[in-house]
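Trainee: structure for this input, please:
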Amino acid sequence: MSLCGRCKTLRLLIGAVVLCTSVSALAVSLKAQTTPQKSASQTGTKKNELKVSDYAGSEACKACHADEYKAWDNSPHWNTALNTKEGPSHQGCEACHGAAAAHVADPTDVSKLFLFTKASAKDIN
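Mentor: Model prediction:
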């Protein structure tokens, strides 16, 4: 095969790899967008039954859970705070732990929160 023929073959191969990678990334992205959040189902509350007022926001969590907030803020999970399109159920602490306004109103009430320390590996995954 000539040098020119090898270049064409290499270009086609690289193009195929890029195309496959792009399709795979798109499929993963679409699956992530359609996968329901665990927090709503694990707390026994359907996500569509929750109102914006059921959420307190990460700043409310920070008031009592400063160490946890700092760890969250220094981890990749802080990116959830940037998700303004999908609402509070996909933002900050409540994206994983569920709506926290009831817990803020009564800190002893953790019944509606998903607590990783009390969850089984099966529930987490």
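Trainee: now do the helices in the chain.
Mentor: 3-34, 38-42, 58-64, 66-73, 94-97, 101-105, 121-124 (DSSP state H).
Trainee: the ones you listed: lowest mean pLDDT?
Mentor: Lowest mean pLDDT of those: helix 38-42, a mean of 45.
Trainee: how much space separates Asn83 from His90?
Mentor: Taking Cβ to Cβ, to the nearest Å as the criterion, Asn83 is separated from His90 by 5 Å. For the C-beta atoms, the positions are set from N, CA and C on the backbone; glycine is no exception.
Trainee: quick one: which of the two has more around it?
Mentor: His90 (17 against 14; other Cβ atoms under 10 Å).
Trainee: can you pull the contacts of Asp67?
Mentor: The contact partners of Asp67, taken as Cβ atoms under 8 Å, 6 or more residues apart in numbering, number zero.
Trainee: I'd like the distance between it and Glu49.
Mentor: Taking Cβ to Cβ, one finds Asp67 at 32 Å from Glu49.
Trainee: and Asp109, by the same measure?
Mentor: On the measure of Cβ to Cβ, Asp109 and Glu49 end up 18 Å apart.
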